[in-house]
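Asks: Give me coordinates for this.
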Amino acid sequence: MVLEKIKVTGMHCKSCEILLKEELEEIEDVKIATPDYEKEIVSIEFDGSKETLDRIKKKIIEEGYKLWLKKQYIFLEWLVEVVKKY
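Replies: A predicted model of the protein is given here:
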């Protein structure tokens, strides 16, 4: 099993976490899904295959949430550091 953390925006409350968790755990080869709306992260334990990860991402989008790509997240972290200097 592999643990993946995915940056997800659009969750607003505990109900969003519960509903997304239920949907993601219905995907074959997903063991545990733990959404956290405050941190905007979904931690998922799954079989590690690219196909399963693609199904996970597709389901998150279908449920109305937005995914952050790693490049976007790194840019945002950099931008926050630049802004802190001023």
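
Asks: can you map out the strands along the chain?
Replies: For the chain, applying DSSP state E gives strands covering 2-9, 30-36, 41-46, 66-67.

Asks: Figure out which of the ones you listed is closest to residue 82.
Replies: Ranking these by proximity to residue 82 (Cβ to Cβ) places strand 2-9 first, at 19.5 Å. Where C-beta positions appear, they are placed from N, C-alpha and C, glycine not excepted.

Asks: tell me the average confidence for that closest one?
Replies: For strand 2-9, mean pLDDT rounds to 92.

Asks: Quick check: buried residues in that strand?
Replies: Under the neighbour-count criterion of 16 or more other Cβ atoms under 10 Å, strand 2-9 has 6-8 buried.

Asks: from the residues you listed, which is closest to residue 43?
Replies: residue 6 (8.0 Å).

Asks: Wait, the closest one touches residue 59, no?
Replies: No - the criterion here is Cβ atoms under 8 Å, and residue 6 misses it with residue 59 at 11.0 Å.

Asks: ok, now which ones touch the closest residue to residue 7 other than its chain neighbours?
Replies: Distances taken as Cβ to Cβ, 6 or more residues apart in numbering put residue 68 closest to residue 7, at 3.6 Å, once the chain neighbours are dropped. Neighbour list for residue 68: 6-9, 76 [criterion: Cβ atoms under 8 Å, 6 or more residues apart in numbering].
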